[in-house]
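K.L.:
Below: sequence and its predicted model.
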Amino acid sequence: MILYGIPNCDTVKKARAWLAAAGHAHDFHDYKKAGVPADALARWVARWGWETVLNRAGTTFKALPEADKTGLDAEKAMALMLANPSMIKRPIVEGNGVALIGFKPEQWAGAF
């Protein structure tokens, strides 16, 4: 199982702690250091839609020039997320029959 995110993100920290407490081993993929695999991003967008995967509430998205934020579609959003992985909603966890985006303990408990 792989958890994708940024290590200093509070939500990612909570998710990693939840996995550890529940006894679920996982590998951690750091967006900041390793980027995001294009095939993984395409899989997430196909599963959840680019509107869900793109984190519009984060400072990285908000700091974009207005021209980058207007006229968004899947192709443009994916290009932005590949260039700026901080714009991907986090955490994302995949593996062992689980695929989750964001961290809601009750949802995670039901998925594992």
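P.N.:
Nice, thanks for sending it over. Numbers count the residues shown, from 1 in each chain.

K.L.:
CA only for contacts and neighbour counts going forward, please
P.N.:
Will do.

K.L.:
Could you report the separation of the residue at the greatest distance from the centre of the chain from E94?
P.N.:
Distance from the C-alpha centroid of the chain, by Cα atoms, centre = their mean, peaks at A67 (23.5 Å). Separation of A67 from E94 (Cα to Cα, to the nearest Å) stands at 33 Å.

K.L.:
pLDDT of the helix or strand harbouring R16, averaged?
P.N.:
Assigned by DSSP states H and E, R16 belongs to helix 10-21. In this model, helix 10-21 carries a mean pLDDT of 96.

K.L.:
which of the residues in that helix are buried?
P.N.:
The neighbour-count criterion (16 or more other Cα atoms under 10 Å) identifies 11-12, 15-16, 18-19 as the buried residues of helix 10-21.

K.L.:
quick one: contacts of it?
P.N.:
Contacts with helix 10-21, where a contact means Cα atoms under 8 Å, 6 or more residues apart in numbering, come from 3, 5-7, 25-26, 90-91, 102-103, 105.

K.L.:
Please state the offset of the next helix or strand after it from the chain centre?
P.N.:
Counting by DSSP H and E, the next helix or strand C-terminal to helix 10-21 is strand 27-30. Computed by Cα atoms, centre = their mean, to the nearest Å, the chain-centroid distance of strand 27-30 equals 11 Å.

K.L.:
coming back round to it: would you mind checking the contacts of helix 10-21 for buried ones?
P.N.:
3, 5-7, 90-91, 102-103.

K.L.:
And the helices in this structure, which stretches?
P.N.:
10-21, 31-34, 38-48, 50-53, 59-62, 66-69, 74-83, 105-111 (DSSP state H).

K.L.:
Kindly reformat these as TSV and extend each row with distance to V98.
P.N.:
Putting the helices of the chain into TSV (distance: least, Cα to Cα, whole Å) gives the following:
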stretch	distance to V98
helix 10-21	12
helix 31-34	20
helix 38-48	12
helix 50-53	16
helix 59-62	28
helix 66-69	31
helix 74-83	22
helix 105-111	7
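
K.L.:
Of the ones you listed, flag the one that's most buried.
P.N.:
helix 50-53 (a mean of 18; mean count of other Cα atoms under 10 Å).
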